[in-house]
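Participant: I need the structure of the sequence given here:
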Amino acid sequence: MPTYNICAVTVLSIAESKMGSKKSIQAISLQITKRIFTNPLIIASALGITLSLSRLSLPPLIFIPLGYLDRLALPL
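Facilitator: Okay, here's the model as predicted:
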């Protein structure tokens, strides 16, 4: 999922830059990098991968509400 999201952010940013004003390649690259690192799905994926690799678990105060959200999103 993070790979597809990064690709989508990149493609949409390039398409937007071609439709709008003329920017330098450096400005477009900076804009794409900023959008990738501030995308909520990419941030959440990075945090999830980091937690998984570090073998840390979430405290119950956080884990229980996330479990509710997990069950709520399951039918989607």
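Participant: Report the central residue of this protein.
Facilitator: In the chain, the residue lying closest to the centroid (Cα atoms, centre = their mean) is Ile42, at 1.7 Å.
Participant: what about it, which helix or strand?
Facilitator: helix 40-54 (DSSP states H and E).
Participant: If you count neighbours, what's buried in that helix?
Facilitator: 42, 45 (16 or more other Cβ atoms under 10 Å). Quick note: C-beta positions are derived from backbone N, CA and C, even for glycine.
Participant: Show me what it is packed up against.
Facilitator: On a contact count with 3 or more Cβ pairs under 8 Å, 6 or more residues apart in numbering; DSSP states H and E, helix 40-54 meets helix 2-19.
Participant: about what we covered before: how far off centre is the next helix or strand after the helix holding Ile42?
Facilitator: Later in the chain than helix 40-54, the nearest helix or strand by DSSP H and E is helix 60-73. Distance of helix 60-73 from its chain centroid, counting by Cα atoms, centre = their mean, to the nearest Å, is 20 Å.
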